[in-house]
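In: Below is the sequence, then the predicted model.
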Amino acid sequence: LQTRSITHKLLKMRIKLRKLDRNKHTDIVSCLGWSSSNELLSVSDDMSVQKWNIDGEPDMKVMDIDQPVLAMDWYPSGKGANEILALACADGSFRLVSKAGRVEKSVSEAHQTAIISIKWSYEGTLATAGEDGQIKTWSRGGMLRSKLVQGSKPIYCICWSPDNDSILYCTDKNLVINPTLPGNKQIQWKAHDGVVLACDWNAANNLIISAGEDCKYRVWDQYGRQLYSSLPYDHVITAIKWSPNGDLFAVGSFEMIRLCDKSGWSHSFDKPACGSILSLAWSSDGTVVSGAGGNGAVVFGYIVDRQLSWTNIEAVLDEDNKIVVSDCLHELNEDLDFRERVVNMSMKFGHLVVCSTINALSIMFRVITGVVHLYLMKGYHQMIVQGAKYFALIDASHNFNVYSYEGKLISSPKYQGLRVEFLNQRHLSVSSDVLALIDPSNPKIVRVFDIMSGKPASVQIEHTTEIIEMELNQIEMSSERKMCVMDNNKDMFLTMVHKPEMVKICNMVDSFLWNETNDMLACIADGKLNTWFYPNAVYVDKDLMSKAMSTKDVSEVGKLAHMTSFTGNLVNVRRLDGARAILGISPYPKMLYEHVDKADFEKAIRICRFVKESTLWACLAAMSIYCRELNTVEIALAAIDEADKVQYINYVKELPSEPARNAALAVYCKKISEAENILMQARLYYRAIKLNIKLYRWDKALEIAINNKTHIDTVIAYRQRFLEMQGKEETNE
């Protein structure tokens, strides 16, 4: 009953282009940028600055300029009247301009020659780079702070790192990460075979993209390791830009705009009649990308035909803001029309959450009645993270809220220093009782919040290296709440949320996911699909952990494949080239979970006897130990030839009291302190003393005897016999 791997066609997402029949600008459009209120400003060599609305219509001329402008950047955390635009000029000066077009500050002779690139950090530090090979930083008021780089070749593009403590720049054929703080090491590598013209560093996924005169674009990690390289195009790649959430990026060349996934493969390829694309910019919601044309055109590209699937349900957003929901199994269709522009959507756990520019909707699927619409709230939401019972929304104002699928506001988690704009889907996870997020300011820490109150939990999970992905399991029992994390070494760890203890379970991991309905965990690592049918076994019996898993060769999905869903016994995977593959695992562990959840161990044993697989018996053994079902444990361990463990389980069954049995099982699980506490609370002092004597913890055994004024002579006698057997004398004073 193993499901064979099936490869599907590429995703349908594409760009719908729009530009005026007659250009508003009469000369080259050198740069453009979106404000936080989704208004586009374009700067042209016709010495004018033009404002556009999000529908691609010209609004008004903002101002005239007296010098050609080569680059621009909006102050990222500015809102309303605080929105400041930095303009880099060809004479080596730069200007700080208000949204209304008033020049707030003009700094002349900032560089000896033209300023080619200008970029704000999130804290308000301005960096400039020019043809003179220098990079300088300035205060928000335009005062010089430092000269970071003094080179001999032009610097064509700069951008800040996600934590704003270093600057990425391109010079000649190289990319360089230069730290702004003393003591940190500079990183430099050859990125292209020609001059590098553009680069960008995304705060959400921490990936770097670059484009050069070798007609290629490439994707890198923050250490300079290449993740993707395109084939050479017909013309030089002149512009490249990440979308705000880091899922997509756009590439511009001569009469070409390409929409790419973060892995590098292309969603769509379009050829607008606009000359060379000199600059690209994304709207703050990530649904519109605009391009500055060499013939004076301003091109608007709208992301359409986004496609989502969950089990037998498929949802497609077309260019008319209509979502078509199809139930392939029951042959049902539902059309959802929206008057406002849809900016985001997510579908998991039987719910479709749709966010438009005005409000958000939760849509619940039902087999017979189709779908049920539930109005949520007004707002402009940029990111959706779904859990089995709740989901989290982050809006354009960076408010962070958790809702139930009925539309009720549950909580608003927050802590001092939280910067939700740097979070992405793999940094945040929601379960039925807790919410967890990777701290953007310190990626070695995962912060945990109570989902009902929004308050930080008493524990936080710390790791020795930077965590790049994290996910909570989705089962109902909060006592079994587990978290799986992957660090920047591609090692995967498992930990309990309420009792953190990192346990390494795999390395060389490309992607991982928890099952949506039970506690199974799967990952793709080194060309193999590893599935842990009962990860809780690591806290029960580590020997059973390796036996209660399957390993399947999936070399056909290639390297850096990404798991998109794990439902039932099917794993959906997206390959590096964008194709989708469905990988199957055994359906029997899912059935085993259903019987164990109902405490029907007789049927669970029957399934194992019918299938005759050691992995299933090991899974049942671990489940039964956790549930204290000793008869089932004995049968399951015997089936996998664990004679010594069967003998110990028989010893446990013969113990006269419940606390004694629980303590013995805790010893089996190597939880010695827990076993001792159980015996002490039950006043079984002799058993607690004997436990420590068997483990050669003589000091602890004597301490228990003295504190409780019992069996002191027993401890001394056992110690004396031990010394005689070893032929040693007492040295413990």
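Out: Noted; the coordinates are in hand. Just so it is clear, the structure is predicted and the values come from calculations on it, not from any experiment. Numbers count the residues shown, from 1 in each chain.

In: Run through the helices of the stretch 501-650 of the chain in chain order.
Out: Chain-ordered helices for the stretch 501-650 of the chain, with DSSP state H, counting those that start in this stretch as the definition, fall at 542-547, 588-597, 601-611, 614-627, 630-639, 643-653.

In: right, and those helices - which one's nearest Gly407?
Out: Closest approach to Gly407 among the helices of the stretch 501-650 of the chain (Cβ to Cβ): helix 588-597, 29.0 Å. All C-beta atoms are positioned from the backbone trio N, CA, C, and that covers glycine.

In: and that closest one, how far from the chain's centre?
Out: When C-alpha coordinates are averaged (Cα atoms, centre = their mean, to the nearest Å), helix 588-597 and its chain have centres 29 Å apart.

In: Can you mark which positions in that helix are buried?
Out: For helix 588-597, burial by neighbour count (16 or more other Cβ atoms under 10 Å) applies to 588-593, 595-596.

In: what do you get for stretch 302-312?
Out: Under the neighbour-count criterion of 16+ other Cβ under 10 Å, stretch 302-312 has 302-306, 308-311 buried.

In: Which residue is the nearest non-sequential neighbour of Val430?
Out: Counting by Cβ to Cβ, 6 or more residues apart in numbering, the nearest residue to Val430 once its immediate chain neighbours are dropped is Gly387, at 3.3 Å.

In: Pretty sure that neighbour sits against Ser431.
Out: Yes - counting by Cβ atoms under 8 Å, a contact exists between Gly387 and Ser431, whose distance comes to 5.5 Å.

In: joint contacts of those two?
Out: 472, 474 (Cβ atoms under 8 Å, 6 or more residues apart in numbering).

In: May I have the phi/psi pair for Ile693?
Out: When quoted as degrees, to the nearest 10, the phi and psi of Ile693 stand at phi -60, psi -40.

In: go on, Asp541?
Out: Reported as degrees, to the nearest 10, the phi and psi values for Asp541 are phi -160, psi 110.

In: Now do the contacts for it.
Out: Shown here is Asp541, whose contacts under the criterion Cβ under 8 Å, 6+ apart are 621-622, 625, 645, 668-669.

In: and Leu332, bridged to which residues?
Out: Using DSSP bridges, the beta-bridge partners of Leu332 come out as Asp327.

In: What count of nearby residues applies to it?
Out: Burial of Leu332, expressed as a neighbour count using other Cβ atoms under 10 Å, amounts to 18.

In: how much space is there between it and Ile313?
Out: According to Cβ to Cβ, to the nearest Å, Leu332 and Ile313 sit 9 Å apart.

In: buried stuff in stretch 707-718?
Out: Applying a neighbour-count criterion of 16+ other Cβ under 10 Å, one finds 711, 715, 718 buried in stretch 707-718.

In: Check stretch 532-543 too.
Out: By 16+ other Cβ under 10 Å, the buried positions in stretch 532-543 come out as 532-541.

In: List the contacts of Lys119.
Out: For Lys119, the contact set (Cβ under 8 Å, 6+ apart) comprises 73, 126-127, 158-160.

In: quick one, phi/psi of the residue nearest the centre of the chain?
Out: Averaging the C-alpha coordinates of the chain gives a centre point, and the residue nearest to it by Cα atoms, centre = their mean is Arg426 (1.5 Å). Backbone torsions for Arg426, taken as degrees, to the nearest 10, come to phi -90, psi 0.

In: what's the helix or strand for the residue nearest to it when sequence neighbours are not counted?
Out: The shortest distance from Arg426 to any non-neighbouring residue, by Cβ to Cβ, 6+ apart, is to Glu469 (4.3 Å). Assigned by DSSP states H and E, Glu469 belongs to strand 467-472.

In: just to revisit the earlier point, report the separation between the residue nearest to the centre of the chain and His562.
Out: Distance, Arg426 to His562, by Cβ to Cβ: 10 Å.

In: now the helices of the stretch 501-650 of the chain in TSV, with mean pLDDT?
Out: Compiled in TSV, those are given as follows (pLDDT from 0 to 100):
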stretch	mean pLDDT
helix 542-547	88
helix 588-597	92
helix 601-611	93
helix 614-627	92
helix 630-639	93
helix 643-653	91
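
In: Pick the most deeply packed of those.
Out: helix 614-627 (a mean of 24; mean count of other Cβ atoms under 10 Å).

In: name the helices or strands packed onto that one?
Out: Judged by 3 or more Cβ pairs under 8 Å, 6 or more residues apart in numbering; DSSP states H and E, the packing partners of helix 614-627 are helix 542-547, helix 588-597, helix 601-611, helix 630-639.

In: Output the longest one as CSV, nothing but the C-alphas.
Out: Spelled out, it's helix 601-611. In CSV, the C-alpha atoms belonging to helix 601-611 read as follows (Å, rounded to 0.1, in the frame of the first residue of the first chain):
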residue,chain,number,x,y,z
PHE,A,601,-5.2,-1.7,22.2
GLU,A,602,-6.7,-5.0,21.1
LYS,A,603,-7.3,-3.6,17.6
ALA,A,604,-3.9,-2.0,17.6
ILE,A,605,-2.3,-5.4,18.3
ARG,A,606,-4.4,-6.9,15.5
ILE,A,607,-3.1,-4.4,13.0
CYS,A,608,0.5,-5.0,13.9
ARG,A,609,0.0,-8.8,13.6
PHE,A,610,-1.6,-8.4,10.2
VAL,A,611,1.0,-6.0,8.8
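
In: From the contact count, pick out the helices and strands touching it.
Out: Helix 601-611 sits against helix 588-597, helix 614-627, helix 630-639, with contacts defined as 3+ Cβ pairs under 8 Å, 6+ apart.

In: can you list the residues that contact the last one?
Out: Residues outside helix 630-639 that contact it (Cβ under 8 Å, 6+ apart): 601, 604-605, 608, 614, 617-618, 620-621, 624-625, 645-646, 649-650, 652-653, 661.

In: List the neighbouring strands of the helix or strand harbouring Leu175 plus their orientation.
Out: When elements are defined using DSSP H and E, Leu175 is found to belong to strand 174-179. In the sheet, strand 174-179 lines up against strand 166-171 (antiparallel), strand 187-190 (antiparallel) (DSSP bridges).

In: OK, contacts around the closest residue to Lys547 other than its chain neighbours?
Out: The shortest distance from Lys547 to any non-neighbouring residue, by Cβ to Cβ, 6+ apart, is to Ala618 (3.7 Å). Counting by Cβ under 8 Å, 6+ apart, Ala618 touches 537, 544, 547-548, 636, 640.

In: can you put those residues in CSV and add distance to Lys499?
Out: Written out in CSV, the entries for these read as follows (distance: Cβ to Cβ, whole Å):
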residue, distance to Lys499
Ala537, 16
Leu544, 20
Lys547, 24
Ala548, 21
Ala636, 26
Ile640, 28
